[in-house]
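K.L.:
3D, please:
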Amino acid sequence: MFAPFRHVTRIIRAAYTLAEYDALVPREFAAHMPAGAIWASRLLQALSRRKDAGAAPQATPGRRLAAALHDLGPAYIKLGQFLATRPDIIGADVATGLGTLQDRLPPFAQAEAEAIIAEDLGAPTITMFDDFGPAVAAASIAQVHRARIAGAPAGSPDVAVKILRPGIERAFMAGLAAWDWAARRAERLWPAARRLEPVKFVATLRDSVLIEMDLRLEAAAASELKENDAERKLLRIPTVDWQRTARRVMTLEWIDGISLRDRDALKAAGHDPRALAERVMNMFLHQALFDGFFHADLHQGNLFADRDGNLVAVDFGIMGRLDRATRRYLAEILYGFLMRDYQRLAAIHFDPGYVPPHQSRDAFAQALRSVGEPIFGQDVSKISMARLLAQLFAITETFDMHLQPQLVLLQKTMVVVEGVARDLDPRLNMWEVSRPVVTRWMEQEMSPEARMRQAAEGAAAGAAALGRILSELPETLRNVETIAAMIRR
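P.N.:
The predicted model follows:
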């Protein structure tokens, strides 16, 4: 009975804080917003005790929004991080601003951390860990302590103990309920919002948060990444201590390392920044293309180099998955751009229904040409793979194209990975580094054997799809070598 009132109260409080930072209806976007929204924003800002609080008035809309969400607390910090992965919804500039959102908060009390350990692991902290120290890092959802396994032999490595914040599940569920309530009303009252599917967006956020709220699932993600990389050895993943891991507690091997954000310290320790940059790119491409399971939060705060120069990753709460059909879709996109066959690219988007059938296929092909043609003749070192994919996604609004969230998450991760690599070595040629991985993957996906497999997989979808794939086999036989040569060049 009182739920709508609680939702409205939460939304008004959030709107008030956003208005304080000029982030509710940013002045830069006011000309495109309804008069009622502008009036409400200006009224709330006038009532505020402080304007542009915590963010300089000249800051970008994305940075002002980041400051406001940080002020609103843990649930909104996570919302901001999630929004940063959806430039198709909020725009690339705002998404970039949200990328600065610092997920750092004061730690909660040591006694509370130990109480959670005792409750979830079924034994007092002192019987599980020796030297259980104070929090060494604290974020919106959890904090990390350094400890040693109780009774471990002298010289045994330390462990990292991650513990959820007390009451964080309840706080997130309250925020999500309010956002879902607002999203449903937005879809009902504002037809233009339906293309953005705010209800589905909130549901996706809920699914993501529920995974992060169960540290057993994060531990499983770390374990899967480690297993996938066992032969490649491109990434060092901390080993999970399953005996000391539960829903609100996760225990991992402690690995000392230097953050990839500290280039000077890396060089002083004898590490080669260029080699690390190449490894970051190779690791991500192998995960995304060959495994279909990738670490989707590869910013510099989560990447380290250990004493032996190995690349180390931590924080496995945000993962991305690409099924075989989606990876094949990406292969077809890359093939189409390489061959400059924009009609084929259009068919790739229309045939599976990514673009609604009422749109013009020829006009869509023309839009794709505007993305592909500018890259030809350029120095490959100046071409960003992530930017190319972002430009492709930018045409979604014009053609009412509904993208799969995992593709947008892939694009966001590519942007971050390229940024990390170029910070390590500004002269790094992304295409040259990526060429061996992408070439091998393209040959695997576009080979006659792969086409036959695809034909078998697609047979159940209908004779038309089977016939289209089989009819392309002669052309594929002629072009596999051409594709590989073009990628090499």
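K.L.:
Without its sequence neighbours, what residue ends up closest to Ile237?
P.N.:
Lys226 (3.8 Å; Cβ to Cβ, 6 or more residues apart in numbering). For every residue, glycine as well, the C-beta is placed using N, CA and C.
K.L.:
List the buried residues of the helix or strand containing the one you found.
P.N.:
Of the helices and strands defined by DSSP states H and E, Lys226 is found in helix 215-228. For helix 215-228, a neighbour-count test (16 or more other Cβ atoms under 10 Å) marks 215, 217-222, 225-226, 228 as buried.
K.L.:
cool, stretch 360-380 as well?
P.N.:
In stretch 360-380, counting by 16+ other Cβ under 10 Å, buried: 364-365, 367-368, 371-372.
K.L.:
next one: stretch 172-183
P.N.:
Quick answer for stretch 172-183 (16+ other Cβ under 10 Å): 172, 175-183.
K.L.:
Please tell me I have it right and Glu445 contacts Ile333.
P.N.:
No: using Cβ atoms under 8 Å, Glu445 is not in contact with Ile333; the gap is 11.2 Å.
K.L.:
the inter-axis angle of the lengthiest strand in the chain versus helix 215-228?
P.N.:
Using DSSP state E, we find that the single longest strand of the chain is strand 142-149. Relative orientation of strand 142-149 and helix 215-228, computed by axes from the mean of the first three to the mean of the last three Cα atoms, to 10 degrees: 70 degrees.
K.L.:
And for strand 142-149, what's in contact with it?
P.N.:
By Cβ atoms under 8 Å, 6 or more residues apart in numbering, the surrounding residues in contact with strand 142-149 are 107-108, 113, 128-138, 156, 158-165, 168, 215, 241, 244, 254.
K.L.:
Over to stretch 158-173?
P.N.:
73-75, 78, 108, 112-113, 116-117, 129, 131-132, 140-149, 209, 213, 215, 218, 238, 241, 244, 247-254, 314.
K.L.:
Any of these buried? List them.
P.N.:
74-75, 78, 108, 113, 116-117, 129, 132, 140-149, 209, 213, 215, 218, 238, 241, 244, 248-252, 254, 314.
K.L.:
for Gln110, what are its contacts?
P.N.:
By Cβ under 8 Å, 6+ apart, Gln110 lies in contact with 134-135.
K.L.:
Repeat that for Ile237.
P.N.:
Ile237 is in contact with 222, 225-226, 229, 312-313, counting by Cβ under 8 Å, 6+ apart.
K.L.:
count of neighbours near Pro26?
P.N.:
18 (other Cβ atoms under 10 Å).
K.L.:
how near is it to Glu373?
P.N.:
33 Å (Cβ to Cβ, to the nearest Å).
K.L.:
Could I get the full set of helices for the stretch 301-450 of the chain?
P.N.:
For the stretch 301-450 of the chain, the helices defined by DSSP state H, counting those that start in this stretch cover 324-339, 342-350, 361-372, 385-393, 405-424, 430-446, 448-458.
K.L.:
Tell me which of the ones you listed sits nearest to Val280.
P.N.:
Counting by Cβ to Cβ, Val280 lies closest to helix 405-424 out of those; the figure is 5.1 Å.
K.L.:
And that closest one, what's buried?
P.N.:
By neighbour count on 16+ other Cβ under 10 Å, the buried set for helix 405-424 is 405-421, 424.
K.L.:
starting at the chain centroid, how far to it?
P.N.:
8 Å (Cα atoms, centre = their mean, to the nearest Å).
K.L.:
Likewise for stretch 270-282?
P.N.:
From the chain centre to the centre of stretch 270-282 is a distance of 21 Å (Cα atoms, centre = their mean).
K.L.:
Residues contacting it, please?
P.N.:
Residues contacting stretch 270-282 (Cβ under 8 Å, 6+ apart): 234-235, 258, 260, 263, 266-267, 298, 303, 305, 309, 311, 417-418, 420-422, 424-425, 428, 430, 433-434, 437.
K.L.:
Can you flag the buried ones in the residues you listed?
P.N.:
Buried subset of these (neighbour count, 16+ other Cβ under 10 Å): 234-235, 258, 260, 263, 266, 298, 303, 305, 311, 417-418, 420-421, 424-425, 428, 430, 433-434, 437.
K.L.:
Need the per-residue pLDDT for Met281.
P.N.:
Among the per-residue scores, Met281 shows a pLDDT of 92.
K.L.:
in which helix or strand would I find it?
P.N.:
helix 273-285.
K.L.:
Extract the C-alpha set from that helix and format it as CSV.
P.N.:
The C-alpha trace of helix 273-285 is given here as CSV (Å, rounded to 0.1, in the frame of the first residue of the first chain):
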residue,chain,number,x,y,z
PRO,A,273,55.4,-1.5,-20.3
ARG,A,274,55.1,-2.4,-24.0
ALA,A,275,55.1,-6.1,-23.2
LEU,A,276,52.4,-5.6,-20.6
ALA,A,277,50.3,-3.6,-23.0
GLU,A,278,50.6,-6.4,-25.6
ARG,A,279,49.6,-9.0,-23.0
VAL,A,280,46.6,-7.0,-21.9
MET,A,281,45.3,-6.8,-25.5
ASN,A,282,46.0,-10.5,-26.3
MET,A,283,44.5,-11.6,-23.0
PHE,A,284,41.2,-9.7,-23.6
LEU,A,285,40.9,-10.9,-27.3
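K.L.:
All good on my end, thank you.
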